[in-house]
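Participant: Just need the structure, nothing else, for what follows:
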Amino acid sequence: MFVITQIVITLLLAASLKSMWNLLNVAQVIAYLRLITLWPANGLVALEFIEDGITLRKITKPMMEFGTSSFSDLNTTLDDVALQKQGIENPSLVKSLGIFFFAIIVIALLILAIALMRRLKKKYELVQKAIDLINKKLYYNGFLRYMVTGNLKLTHSGFSFVALAFATTDKISAFNLVLAIGICLLIIAWPIFVAIWMEKHKDELLDADLKHKFGTLYQGTKIDERSERLYTVAFSVRRMLLVLSVVCFPTHMFLRVQCFLWLQSFYIIYVGWVQPHEEALYNFLEIFNESLLLVLGYHLFIFTPFVGDVSAQYTMGWSSIAIIVLIIGTNAYLMGKFSYQKLRMKYYKRKHMAYLKKQGLAPPPASEVAAEEEKKNEEFIENFH
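Facilitator: Sure thing, here's the model as predicted:
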């Protein structure tokens, strides 16, 4: 039942609705907080549960360890203490990525499929339709979506392997080191690429073809001002700096907590000042999420060695769990609310189309239907407020 619940949660989070991606984003940061300081048992269990739900660790870990003996697993655990402290469960960088490794494989296979299909599209018309479908999924739900919202695990694994290779005497294989350096270069280059690309195409961002392929970079955000176009850059840089604060200060727990609070404060100021989302509800929701994460961040001071009272830490663990439940519960409620509204709109749309067909009337133009749906969306958000 536990595994089934994880599958359902993860499948819901994997949908393309903006509200679901907001829930995934905040859940990733919450789960990552377990690496910043030493949590009490109750808080750590909650964070591990969230991490399992996001990464499907209960499913992917046995798959990654298939064919290895129990002795080999125990030997790995004993020999890689430094990696374990950094939250890396396996000395193999590929295996440590878990489900995100499978996501990379799927994206690579889609790219290969497109390359092969392009050679056949002149002979078969159906191949062109398949290319268009894969292109849409590849660019919209594939690499760009992964780099925008799903790269926290990739970032942490890459920087952790590089840091441990140069800061400790632990043996890191040449393959893992080269792969980790490549990942680090990709993560560092990503926000630079996005900033340059957005400025270069700032006058073409509403073009249908460009939006079809690269709309994930600015989906649901304003694009008039430069500060608005740099939202994805700010989002990615904040995550990268969060990982660097954990990796670069492995023995300075208090400093890691302080860095997290600084990053949260600057990010809240940016979102509150720029209001980057097109819909006011999402601006409010992001400020709500980040503000509660800031409050949660102040709890982390209690979990450092500066506070020796274990009972006080355990009590604050329950307080932290209450904040986490409030964050995830609010986002889950909004996700359900928006999903229900969209399903209801689609139902009435189909019902109306069936009525028009039965009466022998022509359906309204697509532009009018889109305008009507946009109007209903705006009415729904206003009613929600």
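Participant: residues making contact with stretch 315-327?
Facilitator: 26, 30, 39-43, 46-47, 50, 289, 292-293, 295-296, 299, 302-303 (C-beta atoms under 8 Å, 6 or more residues apart in numbering). Quick note: C-beta positions are derived from backbone N, CA and C, even for glycine.
Participant: In CSV, could you pull the C-alpha coordinates for that stretch?
Facilitator: What follows is stretch 315-327, C-alpha atoms only, in CSV (Å, rounded to 0.1, in the frame of the first residue of the first chain):
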residue,chain,number,x,y,z
THR,A,315,9.2,19.2,20.0
MET,A,316,10.3,21.6,17.3
GLY,A,317,10.3,18.6,15.0
TRP,A,318,6.5,18.4,15.4
SER,A,319,6.3,22.1,14.7
SER,A,320,8.3,21.6,11.5
ILE,A,321,6.0,18.8,10.5
ALA,A,322,3.0,21.1,11.0
ILE,A,323,4.5,23.7,8.7
ILE,A,324,5.3,21.0,6.1
VAL,A,325,1.7,19.7,6.2
LEU,A,326,0.4,23.3,5.8
ILE,A,327,2.6,23.9,2.8
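Participant: For the strand or helix carrying Leu261, list every residue counted as buried.
Facilitator: In the assignment (DSSP states H and E), Leu261 maps to helix 253-274. Buried residues in helix 253-274, defined by neighbour count with 16 or more other C-beta atoms under 10 Å: 253, 256-260, 263-264, 267-268, 270-271, 274.
Participant: contacting residues around the spatially closest residue to Arg239 that is not a sequence neighbour?
Facilitator: Spatial nearest neighbour of Arg239, chain neighbours left out: Leu152 (5.6 Å); criterion: C-beta to C-beta, 6 or more residues apart in numbering. The contact partners of Leu152, taken as C-beta under 8 Å, 6+ apart, are Gln28, Val29, Tyr32, Arg239, Val243.
Participant: Same check on Thr37?
Facilitator: Met253, Arg256, Val257, Leu300, Phe303, Thr304.
Participant: Farthest pair within these?
Facilitator: Spatially, the most separated pair among those is Arg256 and Phe303, at 11.0 Å (C-beta to C-beta).
Participant: Against Lys351, how distant is Lys358?
Facilitator: 11 Å (C-beta to C-beta, to the nearest Å).
Participant: Quick one: find the helix or strand in the protein with the lowest mean pLDDT.
Facilitator: The helix or strand of the chain with the lowest confidence, counting by mean pLDDT, DSSP states H and E, is helix 2-13 at a mean of 44.
Participant: what does whatever helix or strand comes next after that helix rub up against?
Facilitator: Later in the chain than helix 2-13, the nearest helix or strand by DSSP H and E is helix 18-32. Helix 18-32 is contacted from outside by 12-14, 47, 50-51, 53-54, 149-150, 152, 156, 219-220, 239, 242, 246, 282, 285-286, 289, 293, 296, 324, 327-328, 331-332, 334-335, 338-339, using C-beta under 8 Å, 6+ apart.
Participant: And these, which of them are buried?
Facilitator: Buried among the contacts of helix 18-32 (16+ other C-beta under 10 Å): 12-13, 47, 50-51, 53-54, 149-150, 152, 156, 219, 239, 242, 246, 282, 285-286, 289, 293, 296, 324, 327-328, 331-332, 334-335, 338.
Participant: Please flag which of the contacts of helix 18-32 sit within helices.
Facilitator: Using DSSP state H, the members of the contacts of helix 18-32 that fall in helices are 12-13, 47, 50-51, 53-54, 149, 152, 156, 239, 242, 246, 282, 285-286, 289, 293, 296, 324, 327-328, 331-332, 334-335, 338-339.
Participant: ok, now how distant is Ser265 from Cys259?
Facilitator: Distance from Ser265 to Cys259, by C-beta to C-beta: 11 Å.
Participant: contacting residues around Val194?
Facilitator: Leu217, Thr232, Val233, Ser236.
Participant: Which elements pack onto the helix or strand hosting the last one?
Facilitator: Using DSSP H and E, Ser236 sits within helix 231-248. Packed against helix 231-248, as judged by 3 or more C-beta pairs under 8 Å, 6 or more residues apart in numbering; DSSP states H and E, are the following elements: helix 18-32, helix 143-149, helix 152-167, helix 174-200, helix 253-274.
Participant: Can you lay out the ones you listed as TSV showing mean pLDDT and distance to Asp207?
Facilitator: Formatted as TSV, the helices and strands packed on helix 231-248 follow (pLDDT from 0 to 100; distance: least, C-beta to C-beta, whole Å):
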stretch	mean pLDDT	distance to Asp207
helix 18-32	83	21
helix 143-149	67	16
helix 152-167	81	30
helix 174-200	88	13
helix 253-274	94	24
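Participant: Looking at the buried residues of helix 253-274, spot the one nearest Met345.
Facilitator: For these, the nearest to Met345 is Val271 (28.5 Å; C-beta to C-beta).
Participant: From what I see, the closest one and Phe288 are in contact.
Facilitator: No: contact criterion C-beta atoms under 8 Å: Val271 and Phe288 do not qualify, at 10.4 Å.
Participant: so Thr37 sits in a strand?
Facilitator: No: applying DSSP: H, G, I helix; E, B strand; the rest coil, one finds Thr37 to be coil, outside a strand.
Participant: Quick check: phi and psi at it.
Facilitator: For Thr37, the backbone dihedrals (degrees, to the nearest 10) come out as phi -150, psi 180.
Participant: One more: His277?
Facilitator: The phi/psi pair for His277 (degrees, to the nearest 10) is phi -80, psi 150.
Participant: Leaving out the residues flanking it, which one is nearest to it?
Facilitator: Nearest non-adjacent residue to His277, counting by C-beta to C-beta, 6+ apart: Asn283, 4.7 Å away.
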